[in-house]
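Visitor: sequence below, structure please.
(one chain, ligands or ions: 2)
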Amino acid sequence: MYKGKKTIHWFTILEDMGQGAYGQVKLAQYKPPRKQKVVLKYVTKKRILVDTWIRDRKLGTIPLEIHVLQYLRNYPHRNVVDMLDFFEDEVNYYIEMSPHGIPGMDLFDYIELRTNMEEAECRSIFYQVASAVDHLHKVGVVHRDIKDENIVLDGDGNIKLIDFGSAAYLKNGPFTVFVGTIDYAAPEVLRGQPYGGKEQDVWAAGILLYTIMYKENPFYDSNEILNAELRIPYNMSDASEALMRRMLKRNVAARPTMEDVLNDPWLKDFDPQVDSNSSSWLASAERKRTASSSVDCI
Ligand SMILES: Nc1ncnc2c1ncn2[C@@H]1O[C@H](COP(=O)(O)OP(=O)(O)OP(=O)(O)O)[C@@H](O)[C@H]1O
Ligand SMILES: [Mg+2]
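Guide: Ligands and ions are numbered 1, 2, ... in the order given. Below you'll find the model as predicted:
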């Protein structure tokens, strides 16, 4: 079955998991005897922007997204998605990953479903995002599209940052081209100023923190991002609000680094080992789903 170069015919496609600007993501399964389940992200060659191809001595000319994921295999982190393999045909590249959590359920969906999340759970999710991003920055990568749709969770409250479709190497900055999602874009990026990358990930993570805590966006358009006062709908805690305000500083130089964020009073004493079982709700949802589906062992 698995002779020669890997192709899409080695797999049975089980379900669609999302559709983005450049491709599609599917839950797939190796045809017998292997039967392992994987997530395949299709990256359509025709749609890859000219400046996001990268030439590599060993790998040839490949999309930057795959190059970054391949590089990150040298620096694994529990909250960053790991690429298992990649392959290509005439039309697409395919990024092969392990499925994390409930297929098709990302933090965006989770926030919609979980209407009254406690602060402890918000903190656990955010802590893991912050440590993922801090890790990326330390190994020289900027994500540039941090948002709830690009975070997946499993039944035990463990999160992984996914979607390196907008990522870049820090050494290639400062950047001028806008990438990512308007709602999460930092004011300086919207103004078209050159940006280094790390500070903008911190801004986006600040927007994310607000979204996790209040289930709504802080700013509704670019004008608000540039000018509006931060509206706090209700008080969750003074400490979380203080961190949000630090991260959403319009003055780039005054914004904390991701390491500073991890050392903020709201997160500093957080012990993920002790606090990570706060999302038993999702665990039971996942158990129910697994029990009622014919799909085995995710
Ligand atoms: N490893 C994974 N485990 C579980 N779900 C995943 C995984 N990778 C992707 N997904 C799901 O598929 C969706 C789309 O994936 P991703 O964000 O990588 O692609 P995209 O947004 O379509 O791509 P792009 O932003 O590059 O156009 C995610 O929001 C998530 O729900
Ligand atoms: Mg995405």
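
Visitor: what's the longest helix in this protein?
Guide: The longest helix of the chain (DSSP state H) is helix 119-138.

Visitor: and that helix with ligand 1, contact?
Guide: No. With CB under 6 Å from any ligand atom as the measure, helix 119-138 is seen stopping short of ligand 1, the closest distance being 13.4 Å. The way it works is simple: take the backbone N, C-alpha and C, and place the C-beta from them, glycine included.

Visitor: dump that helix to PDB, keeping only the CA atoms.
Guide: Below are the C-alpha coordinates for helix 119-138, written out as PDB (Å, rounded to 0.1, in the frame of the first residue of the first chain):
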ATOM      1  CA  GLU A 119     -11.300  33.000  35.300                       C
ATOM      2  CA  ALA A 120      -9.200  30.000  36.200                       C
ATOM      3  CA  GLU A 121     -10.000  28.300  32.900                       C
ATOM      4  CA  CYS A 122      -9.400  31.500  30.900                       C
ATOM      5  CA  ARG A 123      -6.100  31.800  32.600                       C
ATOM      6  CA  SER A 124      -5.100  28.200  31.900                       C
ATOM      7  CA  ILE A 125      -5.800  28.600  28.200                       C
ATOM      8  CA  PHE A 126      -4.100  32.000  27.900                       C
ATOM      9  CA  TYR A 127      -1.100  30.800  29.900                       C
ATOM     10  CA  GLN A 128      -0.500  28.000  27.300                       C
ATOM     11  CA  VAL A 129      -0.900  30.400  24.400                       C
ATOM     12  CA  ALA A 130       1.600  32.800  26.000                       C
ATOM     13  CA  SER A 131       4.100  30.100  26.600                       C
ATOM     14  CA  ALA A 132       3.800  28.800  23.000                       C
ATOM     15  CA  VAL A 133       4.300  32.300  21.600                       C
ATOM     16  CA  ASP A 134       7.200  33.000  24.000                       C
ATOM     17  CA  HIS A 135       8.800  29.800  22.800                       C
ATOM     18  CA  LEU A 136       8.400  30.800  19.100                       C
ATOM     19  CA  HIS A 137      10.000  34.200  19.800                       C
ATOM     20  CA  LYS A 138      12.900  32.600  21.600                       C
END
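
Visitor: which parts of it are buried?
Guide: Residues of helix 119-138 classed as buried: 121-137 (neighbour count, 16 or more other CB atoms under 10 Å).

Visitor: let me see the mean pLDDT of that helix.
Guide: Rounded to a whole number, the mean pLDDT of helix 119-138 is 96.

Visitor: sheet-wise, list the partners of the helix or strand just after it with their directions.
Guide: Per DSSP states H and E, helix 119-138 leads on to strand 141-142 as the next helix or strand towards the C-terminus. When pairing is defined by DSSP bridges, strand 141-142 lines up against strand 168-169 (antiparallel).

Visitor: anything in the partner strand near ligand 1?
Guide: No. Under the criterion of CB under 6 Å from any ligand atom, ligand 1 is not reached by strand 168-169; the shortest gap measures 13.0 Å.

Visitor: right, and the helix or strand after that strand?
Guide: For strand 168-169, the succeeding helix or strand toward the C-terminus, using DSSP H and E, is helix 187-190.

Visitor: quick one, whichever helix or strand comes after that following helix and helix 119-138 angle?
Guide: Of the helices and strands lying after helix 187-190 in sequence (DSSP H and E), the nearest is helix 198-214. An angle of 170 degrees separates the directions of helix 198-214 and helix 119-138 when computed by axes from the mean of the first three to the mean of the last three CA atoms, to 10 degrees.

Visitor: for helix 198-214, packing partners?
Guide: Using 3 or more CB pairs under 8 Å, 6 or more residues apart in numbering; DSSP states H and E as the contact criterion, the secondary-structure elements in contact with helix 198-214 are helix 107-113, helix 119-138, strand 141-142, helix 187-190, helix 238-247, helix 258-262.

Visitor: and the fourth one, what's buried?
Guide: With burial defined by 16+ other CB under 10 Å, the residues of helix 187-190 counted as buried are 187-189.
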